[in-house]
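Q: structure for the following, please:
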Amino acid sequence: VCVCVCISQGSFSNAQQAGLEFASELCETHRKPLLPVHHMEAHALTPRMTHTVEFPFLVLLASGGHCLLLLAEDIGNYSLLGTTLDDAPGEAFDKAARFLNLEGGGAAVELHAQRVVNTFFLSTFLPRRKQS
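A: Predicted structure coming up:
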């Protein structure tokens, strides 16, 4: 039995620092080893916890701050196949929210999208398939 804590490369956020300190104290109190786990690697390997996924496999990590396409060859062995050049998906949603004057960022865009009843815009401006 050990205590796992998510870490990431580079500097720690306040939340990450607090989590690391808490995990360290927990280990010291209960005399258990500390196992640091890379934040993005934890996301990449999560499907293996609930499904039989053999290496190698493709991983698409798309979140607010990261968008990566990886080849997972083994635990700790990943090849970066592609990444965003500018905005990650979450950043794009946040920019859309600001453009639409919605409070709450990307979550507000999602909430408003779920309430759409008039699909005229989508049916008018999205390309249509030709009838054969």
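
Q: tell me where this protein has helices.
A: Listed in chain order, the helices found in the chain under DSSP state H are 14-30, 39-45, 47-50, 89-99, 105-114, 120-125.

Q: those: which one's closest to residue 3?
A: Distances from residue 3 to each of these were compared using C-beta to C-beta; the minimum, 5.0 Å, belongs to helix 14-30. Where C-beta positions appear, they are placed from N, C-alpha and C, glycine not excepted.

Q: for the protein, give me the ranges with low pLDDT.
A: 9-12, 64-66, 118-132 (pLDDT under 70).

Q: change it to 80
A: Counting by pLDDT under 80, the ranges of the chain that qualify are 8-13, 39, 62-66, 84-93, 116-132.

Q: contacting residues for the nearest residue to residue 5 once chain neighbours are set aside?
A: Spatially, and ignoring its direct neighbours in sequence, residue 5 is nearest to residue 23 (3.8 Å; C-beta to C-beta, 6 or more residues apart in numbering). By C-beta atoms under 8 Å, 6 or more residues apart in numbering, residue 23 lies in contact with 3, 4, 5, 34.

Q: on that earlier part again, let's have the helices of the chain in JSON lines, adding distance to residue 68.
A: Listed next are the helices of the chain as JSON lines, based on distance: least, C-beta to C-beta, whole Å:
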{"stretch": "helix 14-30", "distance to residue 68": "19"}
{"stretch": "helix 39-45", "distance to residue 68": "7"}
{"stretch": "helix 47-50", "distance to residue 68": "15"}
{"stretch": "helix 89-99", "distance to residue 68": "11"}
{"stretch": "helix 105-114", "distance to residue 68": "18"}
{"stretch": "helix 120-125", "distance to residue 68": "29"}
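
Q: residue closest to the middle of the protein?
A: In the chain, the C-alpha nearest the mean C-alpha coordinate belongs to residue 63, at 3.3 Å (C-alpha atoms, centre = their mean).

Q: contact partners for that one?
A: Applying C-beta under 8 Å, 6+ apart, we find residue 63 in contact with 43, 88, 89, 90.
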